[in-house]
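Undergrad: quick check, what structure comes out for this input:
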Amino acid sequence: MFDTGNLYFNIFIHISAYLPIVPFLIIMIRQSYVQVHMNYLMILSLVTFMYNILLNFIPFYSEPFHLLRNVLGVTELVFILLIIQTHFNSNWGRTMLIILLLFVPIMSISFMLINTPNQLNTTLLTVDSLIIFVVGILFLYHLLGSYHKNITSYNLFWITAGICLYFGCYLVLNMGRKFIFNYDDKDYKVMWMVMYVANFIKYAFFIIAAILSRPGLIPQLAVEDPIDDTPMPEDLPLEEPKKSNHLISPMPGYYSNY
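TA: Now for the predicted structure:
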């Protein structure tokens, strides 16, 4: 794993690298994986944790390291798009995400194979990060426009905020590497240190999202309660029934589950 030359920061890097196991365990214990977007987050956290475990046995910036990093980049792209796609309720948002899910992974894998998969492909990672960042910002705007009351109580807000923060930092540093920084050994270390800090914050946000997620139903209880097995929206109250002159008043509606 990356060595900064500072013992305390090396310890922090290990904490940041292994932090993805925490949201994975919380989601498993709370059984909130029954929610589709939390299931995707659980898988993404486990994949990232296993990737960071492998880095202990692979030399930093070696060919196996670059191969794993390229594969992780495409994997992150797919799962993040899947997480957002589950709750992007606008027609244009769903259409955009379906197109991205169909074409971008195929294009990324093809580009990676053409340009040698065991070499660091900064172009591929930059394009993937840009797509994730733009989609994340659009989805965050969608959330803020749809829910005005206590937006911080929705787990998708924290997931999206962590995604935008991390990939926004990556884009700034990657562009700065070409146009601002000298990219000497000192800048190289500082850039990686900043990314590990951003990774720590991202997964801290994912932990908050896992804690806020609605616990899944215990199978036995679900069988014993056949009256209403329809899952209610997470943390969102039902709307009050509208007044009507008809004998039968309309059923109360509810928002999508965030």
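Undergrad: report pLDDT for residue 246.
TA: On pLDDT, residue 246 comes in at 45.
Undergrad: got it, and residue 121?
TA: 75.
Undergrad: I figured it hits residue 71, correct?
TA: No - using C-beta atoms under 8 Å, residue 121 makes no contact with residue 71, being 10.8 Å away. In short, each C-beta sits where N, CA and C put it, glycine included.
Undergrad: can you get me a residue count around residue 169?
TA: By other C-beta atoms under 10 Å, 20 other residues sit near residue 169.
Undergrad: what helix or strand is the closest residue to residue 74 other than its chain neighbours located in?
TA: The shortest distance from residue 74 to any non-neighbouring residue, by C-beta to C-beta, 6 or more residues apart in numbering, is to residue 108 (4.8 Å). Using DSSP states H and E, residue 108 sits within helix 91-114.
Undergrad: which of residue 121 and residue 71 has more neighbours?
TA: Legend: neighbour count by other C-beta under 10 Å for residue 121 and residue 71, higher for residue 121 (21 against 15).
Undergrad: per-residue pLDDT of the spatially most central residue of the chain, please?
TA: Most central in the chain under C-alpha atoms, centre = their mean is residue 80, positioned 4.8 Å from the mean C-alpha point. For residue 80, the pLDDT comes out at 93.
Undergrad: and what of residue 47?
TA: 96.
Undergrad: my read: it touches residue 74, true?
TA: No - Residue 47 lies out of contact with residue 74 (C-beta under 8 Å); the separation is 11.1 Å.
Undergrad: who's in contact with the helix or strand hosting residue 47?
TA: Assessed by DSSP H and E, residue 47 sits inside helix 36-54. Residues outside helix 36-54 that contact it (C-beta atoms under 8 Å, 6 or more residues apart in numbering): 1, 17-18, 20-21, 23-24, 27-28, 32-33, 68, 72, 75-76, 79-80, 82-83, 86-87, 155-156, 159, 203, 206, 209-210, 213.
Undergrad: please check these and keep the buried ones.
TA: 1, 17, 20-21, 23-24, 27, 32-33, 68, 72, 75-76, 79-80, 82-83, 86-87, 155-156, 159, 203, 206, 209-210, 213 (16 or more other C-beta atoms under 10 Å).
Undergrad: now, the residues you listed that are in helices?
TA: 17, 21, 23-24, 27, 68, 72, 75-76, 79-80, 82-83, 155-156, 159, 203, 206, 209-210 (DSSP state H).
Undergrad: just give the closest residue to residue 169, not the sequence neighbours.
TA: The nearest residue in space to residue 169 (C-beta to C-beta, 6+ apart) is residue 198, at 4.2 Å.
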